[in-house]
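Undergrad: Sequence below, structure please.
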Amino acid sequence: MYQPVYIRLINKDDIKIEIENYQLNGNLKNYTFSYEVIENGEVTATDTLPAIDLLPLEKKQYSFINQLHFDKNKEVFVTFRFGLSENSLWANKGYVVAWEQFKLTNARNIELPLNKTASVKPAIKADTAYLQSTTKNTSVKLNKKTGLLAEYIVEGDTLIANGMRFNFWRALTDNDRGWGASNKLKVWKTEPDNYTIKSFEYKIGTDNQLNANTLILFNGTQTTAAIHYIINGNGAIKMEVEFNIPDKAPAAPRLGFQMELCNAYNNIKWYGRGPHENYQDRKTSAPFGIFNSTVNEWITPYVRPQENANRGELRWLNLHNGKGKGIQFTADSTSTFSASAWPYTLNTLENTRHNYELKNHNRTTLNIDCIQMGVGGDNSWGMPVHNEYMIYPGKYKFGIYIQRIN
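TA: Below you'll find the model as predicted:
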């Protein structure tokens, strides 16, 4: 980010930072200086500190170990901000001119839905096509021919409609078109429907849980996906997924899943980067926190319809009806994920030339990704995404919990 003050973390144990006045004129004491602490996404402390007396192009180190207090058993971030101390011609008092956020602890003790023993033992039914776990209030069905979730119903509410599907493609951005991604990566567009189930096994585990494992081979790239499901009697689901892209395969645009949700669940709440759209290589301006939005507000209306709405490094995400009823996705303690949601389908987004021509679908399209490649942008006529933001051959894995919220 371009800003007049640089803030660098020197040592997180004693919360020592270096502040550099990058201005050619103006002392930093003319700005207010404040901090904000968030623990597991929630703001727990905020305060204004004494002004920083620092001349142009000077830098100095400061420790704030005595000012900041937090629970080390939670995931903790601190954000330092410089703001206008009075109204100016171009912005009002308090306007933030520079900020930086630092992670102070790695703990993540978010309550996970399978940590508690289910109170109900599910009935298990299996035939040649489906494996189904049901109770009085829940129905979770896996499709043996796709290896994916086919039905998710809790207390009569269909949380995921028409099943889950693989998703390795995106509606090409202007930058993607410029470096020829449509040709270089085209095999990935059809891979979600071009695969063979190598194995599908299941067993009833302890604590009223159903365990299922499937191994999938994608025929065009010879990529494999190993998925382990855990389903308990309360209707909570865990998916542990590992994609293995072989050396001869091209880079993938994304590795994830797509599904359709009831469009009444058009409110979004998440803990991760935000509040605006962000990607691997477009994220430093998006701090961590808990944010609220809607499906329509998530959309970025680029001049031409293309990939949009992504939020990254998510710890959890829920879509709800505004009254707290909906579906939640939670990363396990070793993972994060990215997500995007649209009121239209991927096919509509990819094949529509103007925003006003986008036709809303009767359901919300939700993408849950292990990873999506960056968007690039050194130029739009040949330079690809930087190597560190590509999805090259290798192993990619994440774990995610799915549950109904009410």
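Undergrad: Residue ranges in the chain under the pLDDT threshold?
TA: Where the chain drops to pLDDT under 70, the residues are 110-119.
Undergrad: domains of it?
TA: Residue ranges for the domains of the chain, per automatic domain parsing: 5-103, 123-405.
Undergrad: Which one of the ones you listed lies nearest to N109?
TA: Across the domains of the chain, N109 has its closest neighbour in domain 5-103 (6.0 Å, C-beta to C-beta). All C-beta atoms are positioned from the backbone trio N, CA, C, and that covers glycine.
Undergrad: And that closest one, how far out from the chain middle?
TA: 26 Å (C-alpha atoms, centre = their mean, to the nearest Å).
Undergrad: With stretch 373-384 instead?
TA: Per C-alpha atoms, centre = their mean, the centroid offset for stretch 373-384 relative to its chain is 22 Å.
Undergrad: buried set for it?
TA: Within stretch 373-384, the residues scored as buried using 16 or more other C-beta atoms under 10 Å are 373-376, 384.
Undergrad: Closest one of the residues you listed to K12?
TA: G374 (26.7 Å).
Undergrad: Need phi/psi at the closest one.
TA: Here the main-chain torsion angles of G374 (degrees, to the nearest 10) amount to phi -70, psi 180.
Undergrad: In this model D281 seems to touch it, though I could be wrong.
TA: Yes - in this structure G374 lies within contact range of D281 using C-beta atoms under 8 Å: 3.4 Å.
Undergrad: Are there residues contacting both of those two? Which ones?
TA: Listed as contacting both G374 and D281 by C-beta atoms under 8 Å, 6 or more residues apart in numbering are 385-386, 389.
Undergrad: Would you mind listing which of the residues you listed are buried?
TA: Neighbour-count burial (16+ other C-beta under 10 Å) applied to those gives 385, 389.
Undergrad: Generate CSV for the shared contacts of G374 and D281, with distance to F257 and secondary structure as supplementary columns.
TA: Below are these laid out as CSV (distance: C-beta to C-beta, whole Å; DSSP: H, G, I helix; E, B strand; the rest coil):
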residue, distance to F257, secondary structure
V385, 22, coil
H386, 26, coil
Y389, 21, helix
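Undergrad: before we move on, which element is the residue most central in space within the chain in?
TA: For the chain, S338 is the residue whose C-alpha lies nearest the centre (C-alpha atoms, centre = their mean; 2.3 Å). Using DSSP states H and E, S338 falls within strand 337-342.
Undergrad: So which elements touch that strand?
TA: When contacts are defined as 3 or more C-beta pairs under 8 Å, 6 or more residues apart in numbering; DSSP states H and E, strand 337-342 sits against helix 295-298, strand 311-314, strand 316-320, strand 326-331, strand 363-372.
Undergrad: Select, out of the ones you listed, the one closest to P122.
TA: In terms of C-beta to C-beta, the element of the helices and strands packed on strand 337-342 nearest to P122 is strand 326-331, at 18.9 Å.
Undergrad: Could you list which residues are in contact with the closest residue to S340 other than its chain neighbours?
TA: What sits nearest to S340 in space, not counting adjacent residues and going by C-beta to C-beta, 6 or more residues apart in numbering, is A309, at 4.1 Å. By C-beta under 8 Å, 6+ apart, A309 lies in contact with 277, 298-300, 340-342.
Undergrad: Tabulate those residues (a markdown table), appending distance to P246 and neighbour count.
TA: Listed next are the contacts of A309 as a markdown table, based on distance: C-beta to C-beta, whole Å; neighbours: other C-beta atoms under 10 Å:
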| residue | distance to P246 | neighbour count |
| --- | --- | --- |
| E277 | 32 | 20 |
| W298 | 34 | 23 |
| I299 | 35 | 21 |
| T300 | 34 | 12 |
| S340 | 27 | 26 |
| A341 | 31 | 24 |
| W342 | 31 | 24 |
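Undergrad: nearest to D174, of those?
TA: T300 (12.6 Å).
Undergrad: Now do the contacts for the closest residue to that closest one other than its chain neighbours.
TA: Residue nearest to T300 in three dimensions, not counting chain neighbours: N308, with 4.2 Å by C-beta to C-beta, 6+ apart. Residues in contact with N308 (C-beta under 8 Å, 6+ apart) are 277, 299-302, 340, 342, 349.
Undergrad: And the shared contacts of G374 and D281, which is closest to T44?
TA: Closest to T44 out of those is Y389 (32.7 Å), distances taken as C-beta to C-beta.
Undergrad: ok, the spatially closest residue to that closest one that is not a sequence neighbour to R8 distance?
TA: Of all residues not flanking Y389 in the chain, G374 sits nearest, at 3.1 Å (C-beta to C-beta, 6+ apart). With the distance defined as C-beta to C-beta, to the nearest Å, G374 ends up 24 Å from R8.
Undergrad: Pull out the buried residues from stretch 385-401.
TA: Applying 16+ other C-beta under 10 Å to stretch 385-401 flags 385, 389-391, 396-401 as buried.
Undergrad: Considering these, which is situated nearest to T294?
TA: Distance to T294, by C-beta to C-beta, is smallest for I400 among the buried residues of stretch 385-401, at 22.4 Å.
Undergrad: And the contacts of the host helix or strand of that closest one?
TA: Assigned by DSSP H and E, I400 belongs to strand 394-405. Strand 394-405 is contacted by residues 112-114, 149, 152, 154-155, 157, 159, 234-245, 255, 318, 320, 324-332, 334-337, 368, 370-371 when judged by C-beta under 8 Å, 6+ apart.
Undergrad: Equivalent analysis for stretch 378-386, please.
TA: For stretch 378-386, contacts defined as C-beta under 8 Å, 6+ apart pick out 174-175, 177-179, 181, 281, 373-376, 390.
Undergrad: still on that earlier bit, and the strand holding I400, which strands flank it?
TA: Counting by DSSP bridges, the strands paired with strand 394-405 are strand 237-245 (antiparallel), strand 326-331 (antiparallel).
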